[in-house]
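A.B. asks: 3D, please:
(one chain, ligands or ions: 1)
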Amino acid sequence: MAILDVAGLRYSYDGIATVLRDVSFSVPAGSIVGLIGPNGSGKSTLIKTVLDLLSLQAGVVTVGGHAHGSPAATAQAAYLASNDYLPQFLTAREYVHTLGRLYGVRVDDDAARDLFSRFSMQGRYDDLIEDYSHGMRKKTQLVSALLLRRPLTIIDETLNGIDLEALHLAEQQLRGLRDEGHAVLLCTHDFSLLERLAERIVFLDLGEIVAEGPTAELVAEHGSLAELVFDRLDSETRAS
Ligand SMILES: Nc1ncnc2c1ncn2[C@@H]1O[C@H](COP(=O)(O)OP(=O)(O)OP(=O)(O)O)[C@@H](O)[C@H]1O
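C.D. replies: Sure thing, here's the model as predicted:
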């Protein structure tokens, strides 16, 4: 079963230049799908459209079988944005419990504190987010999504700013989400991370999907995900 289904998605910011053209793919339950593409290829636009942060101009999106934009669809997905914005005036404890109430999920305070500590933030759970470093904010976003355990977690470059120890733990935790049947859409330029973690890859270039399939098959064909992207960037199709 697909947790996220995207069919024929198109988007234009100004009604003239098309940023997404006929994008179709799905994210199955119990899977981690990597979303890759050069800067400006439309990855963030795609994610924001799926999450109804940008209006759906053309195409069909369902989340957990629910129609795009419906409260039920919104409640299915946790979103980790590429920025580190969090409410500065809250502590991490207040933040995760506020999110829990918004999503209708009971957050176990001991589990939250424990996870927070495991990401090397012990003793800071009740401090104001205002005083957190950039890395701590990224980890707080991640911990929040791990606590919410939504059917779909969408991560837009959130793991890029965290240290190796946290990345190692994040990988374990994301595998745990997947093994429980949840789906993850992971957008990152860290191709070695995707080769370790993602079963499938969606490769977006100039607003179109130019490669999609099992990671192992794409790596076998091109040598690595980086080479898949380089092959595309060097191709005559793209230059024309
Ligand atoms: N608010 C906006 N208004 C107008 N154009 C925009 C806006 N946001 C993005 N774009 C344009 O849409 C295209 C796709 O941008 P998008 O941010 O979706 O790409 P991306 O693949 O996420 O890039 P990156 O890897 O740099 O984050 C780019 O040409 C970008 O300049």
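
A.B. asks: Output stretch 228-240 as CSV, restricted to C-alpha atoms.
C.D. replies: Taking Å, rounded to 0.1, in the frame of the first residue of the first chain, the C-alpha atoms of stretch 228-240 are listed here in CSV:
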residue,chain,number,x,y,z
LEU,A,228,23.8,8.6,-11.7
VAL,A,229,23.4,12.3,-11.1
PHE,A,230,26.7,13.2,-12.9
ASP,A,231,25.7,11.0,-15.9
ARG,A,232,22.5,13.0,-16.2
LEU,A,233,24.2,16.4,-15.8
ASP,A,234,26.7,15.5,-18.5
SER,A,235,24.0,14.0,-20.8
GLU,A,236,23.1,15.6,-24.2
THR,A,237,19.4,15.2,-23.4
ARG,A,238,19.8,17.8,-20.6
ALA,A,239,21.9,20.2,-22.6
SER,A,240,19.4,20.3,-25.5
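
A.B. asks: buried residues in it?
C.D. replies: Leu228, Val229, Arg232 (16 or more other C-beta atoms under 10 Å). C-beta: built from backbone N, CA, C; applies to glycine.

A.B. asks: tell me which element the last one is part of?
C.D. replies: Here Arg232, judged by DSSP states H and E, is contained in helix 225-234.

A.B. asks: just the buried residues of stretch 228-240 now: which is nearest Gln57?
C.D. replies: Gln57 has its nearest neighbour among the buried residues of stretch 228-240 in Arg232, at 25.9 Å by C-beta to C-beta.

A.B. asks: quick one: contacts for that closest one?
C.D. replies: Phe203, Asp205, Val210, Ala211, Arg238 (C-beta atoms under 8 Å, 6 or more residues apart in numbering).

A.B. asks: Need the worst-confidence member of those residues.
C.D. replies: Confidence by pLDDT is poorest for Arg238 among the contacts of Arg232, given 74.

A.B. asks: which helices and strands does the lowest-mean-pLDDT helix or strand in the chain pack with?
C.D. replies: Here the helix or strand of the chain ranked lowest by mean pLDDT, DSSP states H and E is helix 236-239, holding a mean of 71. Judged by 3 or more C-beta pairs under 8 Å, 6 or more residues apart in numbering; DSSP states H and E, helix 236-239 has no packing partners among the helices and strands.

A.B. asks: On the three-state scheme, the residue most central in space within the chain is what?
C.D. replies: With distances taken as C-alpha atoms, centre = their mean, Ile155 lies nearest the centre of the chain, 2.0 Å away. Look at Ile155: counting by DSSP: H, G, I helix; E, B strand; the rest coil, its state is strand.

A.B. asks: This completes my enquiry, with thanks.
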